[in-house]
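Asker: sequence first, predicted model second:
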Amino acid sequence: MVAPRAVARFNKRVTNKVFGTVAPFAPGFGMLVHTGRKSGRTFRTPINIIRTEEGYVIALTYGPQSDWVRNVLAAGGCDVIMRGRTVHLTGPEVVHDPRRTRMPAIARPILSAVGVDDFLVLHRD
């Protein structure tokens, strides 16, 4: 079971605004810059992102139906600001991985406890 939508709405309105100031510089985090598929506006969403051999992986703690996920999929990519540098990512793909093999071993039990089985895989442009 992924986090309830009420938690997602709270984080979107409150937590993301506070965390957004440190996410682009904190290890393991980044600021996802994406374009709204309906509005065309630019949005910034703080995320937890992991670099892997195949590119980058983001655990979908609110599920693949989140607006930012749908925006990235519709646009075919996004930018991520990590450690103060911007990286353009393409080829977004939602991957169902109940074993969480793309995530570091230390994160797997936590993701398992909250029921996260879906991940967004992106590739460096």
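Answerer: Nice, thanks for sending it over.
Asker: how about the nearest residue to residue 84, chain neighbours excluded?
Answerer: residue 25 (5.8 Å; CB to CB, 6 or more residues apart in numbering). In short, each C-beta sits where N, CA and C put it, glycine included.
Asker: wait, a strand at that neighbour?
Answerer: No: counting by DSSP: H, G, I helix; E, B strand; the rest coil, residue 25 is not part of a strand but coil.
Asker: okay, it: pLDDT?
Answerer: Predicted confidence (pLDDT) for residue 25: 77.
Asker: any idea how far it is from residue 82?
Answerer: For residue 25, the distance to residue 82 equals 8 Å [CB to CB, to the nearest Å].
Asker: please tell me I have it right and the residue nearest to residue 84 contacts residue 31.
Answerer: No: contact criterion CB atoms under 8 Å: residue 25 and residue 31 do not qualify, at 9.2 Å.
Asker: more crowded one of those two?
Answerer: residue 31 (23 against 13; other CB atoms under 10 Å).
Asker: partner strands of whichever strand or helix holds that one, parallel or antiparallel?
Answerer: Using DSSP states H and E, the element containing residue 31 is strand 29-35. Note on strand 29-35: by DSSP bridges, its sheet partners are strand 42-48 (antiparallel), strand 77-82 (antiparallel).
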